[in-house]
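Student: need a 3D model of the following:
(chains A and B)
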Number of protein chains: 2
Amino acid sequence: MKSDLLDALRTAVGAANVLTRDTHDLAAYERDWRQRAHGRALAVVRPGNTAEAAAVVRACAAHGATLVPQGGNTGLVVGSVPDDSGTQVVLSLQRMNQVRAIDHANLTMTVDAGCVLQAVQQAAEAEGLLFPLSLAAEGSCTIGGNLATNAGGTQVLRYGNARELCLGLEVVTPDGDVWNGLSGLRKDNTGYDLRDLFVGSEGTLGIITAATLKLYPQPAATLTAWASVPSLQAAVALLGLAQQRLASGLTGFEVMGQFALSLVDRHMPQLRVPLWQTAPYCVLLENSDSESEDHARTQFEGLLEAAIEQGLVSDAVVAESIAQAHGLWHIRENIPLAQAQEGLNIKHDISIPVSRIPAFCDDTDALLQREIPGVRLVNFGHLGDGNLHYNVQAPAGADAKNFLIEQEMWVNQLVFDQVARYDGSISAEHGVGSLKAEHLTHFKDPVALTMMRRIKQALDPHNRCNPGRVLLP
Amino acid sequence: MKSDLLDALRTAVGAANVLTRDTHDLAAYERDWRQRAHGRALAVVRPGNTAEAAAVVRACAAHGATLVPQGGNTGLVVGSVPDDSGTQVVLSLQRMNQVRAIDHANLTMTVDAGCVLQAVQQAAEAEGLLFPLSLAAEGSCTIGGNLATNAGGTQVLRYGNARELCLGLEVVTPDGDVWNGLSGLRKDNTGYDLRDLFVGSEGTLGIITAATLKLYPQPAATLTAWASVPSLQAAVALLGLAQQRLASGLTGFEVMGQFALSLVDRHMPQLRVPLWQTAPYCVLLENSDSESEDHARTQFEGLLEAAIEQGLVSDAVVAESIAQAHGLWHIRENIPLAQAQEGLNIKHDISIPVSRIPAFCDDTDALLQREIPGVRLVNFGHLGDGNLHYNVQAPAGADAKNFLIEQEMWVNQLVFDQVARYDGSISAEHGVGSLKAEHLTHFKDPVALTMMRRIKQALDPHNRCNPGRVLLP
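Tutor: The predicted model follows:
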């Protein structure tokens, strides 16, 4: 039975592309990026094209096996690794990594799902164009995974999530049929929006094998500024002012709390964090200009001067060089690492309406201090999108491991209840996977959950695609 | 039975809001905007809030009646009028027309589905903000209908379709449950994208009762230009140049063929169409600037000078006043009316990848001339979105009515086959409704059609919501 399936898989993709534990070390496929889970796969199968991927799905269907689609396996919610049953087939898209076509005049490109995000960015750049999706894992995550999880990142403010950057998909359905929904069209009202149903479905409705993506002209200049602000309220007001004056030139607006920056300062002193000691929050702004660097700088300085006059900004610097700009982004991107060096912590990826973020933070900071005296909050994120990484660090001196073991569930409960109170989301950009599937049953609108279950049942009646992710059985 | 249902409906919304033909003239609810269909409703029911709308759906379910949701009833594909059985209930959203909330700092507003689009635009403007959805019917269409049909319009190039302008929905399901999916969040990855499944589903999966919409800062200045171009190829190249130099400042890019403009010139000489006599196509460009009118004008003139140097533009004018700008838009918007005055014609609302539009038009123009010597093509549309209104007018002197009767099906077949050949869509922005449901069975990917049917079956198993629209039984 098991060997029949392996034979069928070898027929589908060739013996060399069916990896089993007898012959290969599968650890990299079985362990998630944050090492929260270690599963056991029956096999890792690596199709080389869409027809092979469809054959793999049909083989699993014929033998009653379940599938776990996997791209770069960089997800943060345990959505792309097998369970520990030893019966699941990991379908790795890594060999499907070709750029199929670039249409310059249409500003689109069509790529295999297994293309690494950075390779997609570079292929666009080689055409003098921009693919704006950008996130920390871009060197190893795949575009298929980005779409399956509707990845966010640093430029959502201007360009939207992965969803908004996708015009069409090619998908292998749970039946092993191929839906050719690749499209270079910006307008198409011929029926239900299947594209956006698959985007963000985390491999539970089928397997994305290719996509047609939106491209943009490269900006003429991109400048980065760093500003200290007297309060989170001021940061929100600064965001509004920047949106009004820069319009869609504003491509980044990141907020960082003082304690988060103090950790970078402590553990990575060489990064030289500016302006953090005297302000509760700092903000990183990025301005992408279609005209020139001079124009971008004039615009940016005008904005910051106005903000200082209005008391929204205490002090600010505009990067004088690309190296300086990268340095500022580097500080922002190193917060998670500095935090890890400080010790284990409880991570959250939440979103709140921008207007309510200051009240949410005041309220929730105080609540956590009451419940866990001395607890330390590492608060940073994409303020322009209302997306905070609101992470909770053990009190100074406390044993971080025990803190996690004893407090994680309770802290999650406290934070998620607050998120619900403020009409937010418990997963802004990371998705649900296994890690938040249980939470979803408590925090998602029950009518929505019922519709989701009916759709899963309609498209994957035998629950073969990534079972137990997003929706619990 | 029938009277039991009417009693139940009266209980749900009050007798005064259940209109029947004994007491009211229902023609305006039973006839579609283009007068392609005249149905017969059992009753027109006008709920005043979401709870009443849900009670109407439950009453229909209990009595086995089917529902036709209706907003402004301005659709172009016969999607919002009852069939002629006299058994369907028209659920009119017109009484649900309140702006529920505006969140300035979050750049969102929440509105009832029955709000007229223009009222939504004005409510945003009163806050100094912009709701960018704009189309010819904005004075009478409703935002619920715009979302149910994923309306497009003139600013899709910059702001996207109705879909991209919606963050959350409130929906009454076919079971009569209320899904509260209203959300002011720009990032929320907690499960399947139900919002985008309902957007564009044309009332076949449930009834949209409210929405949370994206708002934008008002631009500091908006300028309009009119350019004659030597070819459609040049128009596409001009689009690329404009996108590069103006980036998202480019909020409109409309193309108009010489014959289309000649009809405006003939039937509305007072509109004074510029530059049309010597060029095969003219283009209307709109530049929205966040800085100032001076900056917008400098940018615009720089673009047009460069385009003239590159031979992409033969001649151009930039409107000197808002009145002049409105005048230019007025010409564009009056093409359909001028066309109607010239006589009945066969309308198409197609999209093609922008890069392939010149070849598509050369190819299809020639094909139609071969098949119907002397046929006249009224070709205009949103070139920036690849969306053409590629309309076919009878040869000069021919009887337009007979032409329609004899040729419409065949011309549709010829044009739609060409659209398929060029990887386009047979309905770019108008939707499917009844008018294109049959075509969909021929031109839609069969795997996609199967998934659409399964989703309809899963969410509306008794086929109660707008049966026969989008998907044929």
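
Student: what does the lengthiest helix in chain A rub up against?
Tutor: Secondary structure of chain A read by DSSP state H shows that its longest helix is helix A:400-421. With CB atoms under 8 Å, 6 or more residues apart in numbering or on different chains as the test, helix A:400-421 has contacts from A:343-346, A:348, A:350, A:352, A:360, A:363-364, A:367-368, A:371-372, A:390, A:392-395, A:425-426, A:439, A:442-443. Backbone N, C-alpha and C define where each C-beta goes, glycine included.

Student: if we go to 6 Å?
Tutor: Contact partners of helix A:400-421, identified using CB atoms under 6 Å, 6 or more residues apart in numbering or on different chains, comprise A:Gly343, A:Leu344, A:Ile346, A:His348, A:Ile350, A:Thr364, A:Val392, A:Ala394, A:Ile426, A:Phe443.

Student: stretch A:140-152 now?
Tutor: So stretch A:140-152 is in contact with A:71-72, A:74, A:93, A:111, A:113-117, A:120, A:135, A:161-163, A:166, A:199-200, A:202-203, A:208, A:211, A:429, A:431, B:187, B:189, going by CB under 6 Å, 6+ apart.

Student: and the longest helix of chain A, how far out from the chain's middle?
Tutor: 21 Å (CA atoms, centre = their mean, to the nearest Å).

Student: following it, which helix or strand comes up?
Tutor: helix A:437-443 (DSSP states H and E).

Student: list the buried residues for that next one?
Tutor: A:Ala437, A:His439, A:Leu440, A:Phe443 (16 or more other CB atoms under 10 Å in any protein chain shown).

Student: got these as a markdown table, with pLDDT and distance to B:Leu383 columns?
Tutor: Formatted as a markdown table, those follow (pLDDT from 0 to 100; distance: CB to CB, whole Å):
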| residue | pLDDT | distance to B:Leu383 |
| --- | --- | --- |
| A:Ala437 | 97 | 45 |
| A:His439 | 96 | 46 |
| A:Leu440 | 96 | 43 |
| A:Phe443 | 95 | 45 |
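
Student: from the residues you listed, pick the one nearest chain B.
Tutor: A:Leu440 (6.0 Å; CB to the nearest CB).

Student: confirm that A:Ala247 sits in a helix.
Tutor: Yes. Under DSSP: H, G, I helix; E, B strand; the rest coil, A:Ala247 sits within a helix.

Student: okay but it is in contact with B:Ser290, surely?
Tutor: Yes. Counting by CB atoms under 6 Å, A:Ala247 does reach B:Ser290; the two are 3.6 Å apart.

Student: give me the domain ranges for chain A.
Tutor: A:2-92, A:99-217, A:221-336 (automatic domain parsing).

Student: most packed of those domains?
Tutor: Greatest average neighbour count among the domains of chain A goes to domain A:99-217 (a mean of 23), per mean count of other CB atoms under 10 Å in any protein chain shown.

Student: mean confidence (pLDDT) on that one, please.
Tutor: In this model, domain A:99-217 has an average pLDDT of 97.

Student: so A:Gly184 versus B:Ser351, what's the distance?
Tutor: Applying CB to CB, to the nearest Å, the value for A:Gly184 to B:Ser351 is 9 Å.

Student: quick one: the strands in the stretch 101-250 of chain A, in order.
Tutor: Ranges of strands within the stretch 101-250 of chain A are A:108-112, A:129-130, A:166-172, A:178-181, A:207-214, A:216-217, A:221-229, A:250-257, based on DSSP state E, counting those that start in this stretch.

Student: what does the stretch 251-400 of chain A give?
Tutor: Along the stretch 251-400 of chain A, counting by DSSP E, counting those that start in this stretch, strands occupy A:281-289, A:315-318, A:345-346, A:350-351, A:376-382, A:387-393.

Student: need those strands in a markdown table with distance to A:Ala338 and mean pLDDT, can you?
Tutor: Shown next, in a markdown table, are the strands of the stretch 251-400 of chain A (distance: least, CB to CB, whole Å; pLDDT from 0 to 100):
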| stretch | distance to A:Ala338 | mean pLDDT |
| --- | --- | --- |
| strand A:281-289 | 14 | 97 |
| strand A:315-318 | 21 | 97 |
| strand A:345-346 | 11 | 94 |
| strand A:350-351 | 20 | 98 |
| strand A:376-382 | 9 | 96 |
| strand A:387-393 | 11 | 96 |
